[in-house]
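> got a structure for you, letters missing:
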């Protein structure tokens, strides 16, 4: 009986220690010599550093089952507020590790450094506003200067920064007097991509001084404000639903994976949507996918009227990848036409004025970098698209017409070229055989052998050789066109 009691006591004590170990708080500061590796027993988030109130935590966030992101989480909701921009996602497990040697470094000995602060500090801390700090005599580095997809209260967003959505397709940047949202379409090339929302500062209370940079801040009063020169008077205000309501919860904005910039308010138990930069889903770049058609209320269909857009895939995969109709595609495509359509953000796109739809279509048809064109009979504006077709907006005006290319014959040119080369090699071999036979014939003739030359007297063996060669070269040229 006594032994059984000891056993029960030992088990209870072990459970208590395990529970206390699991609930033991993360350190409030990291010093030089710190090193941590991912724990294979943890399925979601491994905290490494917390703020003094326990509202925010820096740690390893498990992604894609066996990879990790170095992230800062809002602890009560487990929502990531910041993530280190790594060269690639590290592996969850040894030998991946986070260390502090003056720089905070995420690395493994096989792959090298994934991310580093490149500093010479003596300690790391996490502020009560979720700002990760590398400290020396002063603050040497802070995560607020390197936002990922989220801004929190009182975090300054400058023209040298960018917010990038988690999927990497969208970004937010500041211009000289505006906030812009950009989409990285396939084939957009280098740079931020194509702008699909441009919010220009209203300058109602203060004018913007030309030549001086602006910055944007999320204010606890419930608005996104554009400021200049450290002035407390905003040049522009984008108000939230909780604007000037003295709400006690915290605010954040995030650039979502659909391209919308949304603001959220923490009620104490959950986040509620408090602001949307784009209120109509049809104004989002890819709301119904490639070759999709969006009607009011985000009712999705396909431009060709033959497929259901529930999956968001109205076009084969080869029409969703980068590139154009030059090169391997050799301008091979079929044409899809649709009336009553327009581009969701045409006001921000360039256009050419043309006298007719036929001229607009012709300009796109002859240009192998053009994927489609949208034309208005009323204005004569021709908008040409140099990237794979995204979502169009359905309108009641039948004078607004779309012309869209759909790729076909993927790789046909390359196959044709190889066939041409094969035929060329075949005919070349035939030519060699003919040449050898001709040489043998000539030698027999020179030795006085009769009956081989007299039947084709005057024609000789050279004529057919030339014809065969010409035919061979023509076959290759035709295949390569």
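Noted; the coordinates are in hand. Given the structure is predicted, the values throughout are model-derived calculations rather than measurements. Numbers count the residues shown, from 1 in each chain.
> What are the neighbouring residues in contact with the residue nearest the centre of the chain?
By C-alpha atoms, centre = their mean, the chain has its centre lying nearest to residue 169, at 2.7 Å. For residue 169, the contact set (C-beta atoms under 8 Å, 6 or more residues apart in numbering) comprises 183, 184, 257, 259, 286. In this view, the C-beta of every residue, glycine as well, is placed from N, C-alpha and C.
> Kindly reformat those as JSON lines containing distance to residue 122.
Formatted as JSON lines, those follow (distance: C-beta to C-beta, whole Å):
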{"residue": "183", "distance to residue 122": "43"}
{"residue": "184", "distance to residue 122": "39"}
{"residue": "257", "distance to residue 122": "38"}
{"residue": "259", "distance to residue 122": "41"}
{"residue": "286", "distance to residue 122": "46"}
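> quick one: which of these is most hemmed in?
When neighbours are counted by other C-beta atoms under 10 Å, residue 259 leads the contacts of residue 169 with 24 neighbours.
> Now name the helix or strand holding it.
Assigned by DSSP states H and E, residue 259 falls within no helix or strand.
> same thing with residue 338?
strand 333-339.
> Name the residues that touch that strand?
Contacts of strand 333-339 (C-beta under 8 Å, 6+ apart): 291, 293, 303-304, 325, 392, 398-408.
> again, 10 Å this time
291, 293, 302-305, 315, 319, 325, 357, 361, 364-365, 368, 371-372, 374, 377, 389, 392, 394-395, 397-409 (C-beta atoms under 10 Å, 6 or more residues apart in numbering).
> Buried by neighbour count, from those: which ones?
291, 293, 302-303, 315, 319, 325, 357, 361, 364-365, 368, 371-372, 374, 389, 392, 394, 400-407 (16 or more other C-beta atoms under 10 Å).
> Where strands are concerned, which of those count?
Here DSSP state E is the test, and the buried ones among the contacts of strand 333-339 give 293, 302, 372, 374, 392, 394, 400-407 as lying in strands.
> Can you lay out the residues you listed as JSON lines showing distance to residue 334 and pLDDT?
Formatted as JSON lines, those follow (distance: C-beta to C-beta, whole Å; pLDDT from 0 to 100):
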{"residue": "293", "distance to residue 334": "18", "pLDDT": "94"}
{"residue": "302", "distance to residue 334": "15", "pLDDT": "93"}
{"residue": "372", "distance to residue 334": "12", "pLDDT": "95"}
{"residue": "374", "distance to residue 334": "18", "pLDDT": "98"}
{"residue": "392", "distance to residue 334": "18", "pLDDT": "95"}
{"residue": "394", "distance to residue 334": "22", "pLDDT": "95"}
{"residue": "400", "distance to residue 334": "22", "pLDDT": "96"}
{"residue": "401", "distance to residue 334": "17", "pLDDT": "97"}
{"residue": "402", "distance to residue 334": "14", "pLDDT": "97"}
{"residue": "403", "distance to residue 334": "12", "pLDDT": "97"}
{"residue": "404", "distance to residue 334": "10", "pLDDT": "96"}
{"residue": "405", "distance to residue 334": "8", "pLDDT": "93"}
{"residue": "406", "distance to residue 334": "5", "pLDDT": "89"}
{"residue": "407", "distance to residue 334": "8", "pLDDT": "83"}
